[in-house]
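# need a 3D model of the sequence below.
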Amino acid sequence: MSLWKIDPVHSEVKFKVRHLVVSNVTGRFDKFDATVEAEKEDFSDAKIQFTAEVDSVNTKNDQRDGHLKSPDFFDAANHPRITFLSKSVTRKSDNDYEIVGDLTIRGITREVKLAATYNGTVKGFGGTEVVGFEVAGKISRFDFGLHWNALTEAGGVVVSEEVKLEIEAEFNRAEGAKKAA
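Prediction:
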């Protein structure tokens, strides 16, 4: 079994939502952790665990970030973490995978499907094995109790229901988790 730990310096966890129907607002979580366990070199049997700290949400606007942490959205005081636990990883083609797992936001767990691209495995600095993935998906924020919204003067919504997820993840093989001979 190989254990891989996310390298937060070389990874990003982002989301995008439509704002006022005409543009996107991008946010990210600055504090997160993830591990991947796999026996197969192609990661088709991977078990993935992910956690993001809600207080680390960053949209480049302190007022908006405070609102996102409030009970109107993530309710960080009562639900400090977002978690994901994979149920299955299916290889669709050479580098494309479908990941199915349980996403928990605000204490509500829903099954989600994510698309992942495996970018390969290389030897990094110091000989450590490094693997990279790009992960994308869409969720309804309403499914997780994030119902706050307002209407514009023209009757449009301020924040869309759909949230796009974009993750760039680089993992390092954990020490002592070398491949069995």
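
# can you give the contact residues for stretch 68-79?
Under the contact criterion Cβ atoms under 8 Å, 6 or more residues apart in numbering, stretch 68-79 has outside partners Gly27, Val54, Asp55, Val57, Thr59, His67, Ile82, Ile105, Arg106, Gly107, Leu146, Trp148. Backbone N, C-alpha and C define where each C-beta goes, glycine included.

# what is the burial count for the nearest residue to Gly27 once chain neighbours are set aside?
Of all residues not flanking Gly27 in the chain, Thr59 sits nearest, at 4.0 Å (Cβ to Cβ, 6 or more residues apart in numbering). The local packing of Thr59 (other Cβ atoms under 10 Å) involves 16 other residues.

# from Lys92, how far off is Thr59?
Separation of Thr59 from Lys92 (Cβ to Cβ, to the nearest Å) stands at 32 Å.

# in its sheet, what does whichever strand or helix holds Val36 sit against?
Using DSSP states H and E, Val36 sits in strand 32-38. Paired neighbours of strand 32-38 in the sheet (DSSP bridges): strand 2-6 (antiparallel), strand 47-53 (antiparallel).

# for this structure, give me the ranges with low pLDDT.
19-23, 146-161, 176-181 (pLDDT under 70).

# if we can go back for a sec, mean neighbour count and distance to Arg18 added to the strands paired with strand 32-38, as CSV?
Shown next, in CSV, are those (neighbours: other Cβ atoms under 10 Å; distance: least, Cβ to Cβ, whole Å):
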stretch, mean neighbour count, distance to Arg18
strand 2-6, 20, 28
strand 47-53, 19, 21
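
# distance to Val131 added to those strands, as JSON lines?
Below are the strands paired with strand 32-38 laid out as JSON lines (distance: least, Cβ to Cβ, whole Å):
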{"stretch": "strand 2-6", "distance to Val131": "6"}
{"stretch": "strand 47-53", "distance to Val131": "12"}
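
# compare these and give me the one nearest Val163.
strand 47-53 (13.2 Å; Cβ to Cβ).

# following element in sequence after that closest one, please.
The helix or strand immediately downstream of strand 47-53 is strand 57-58, counting by DSSP H and E.
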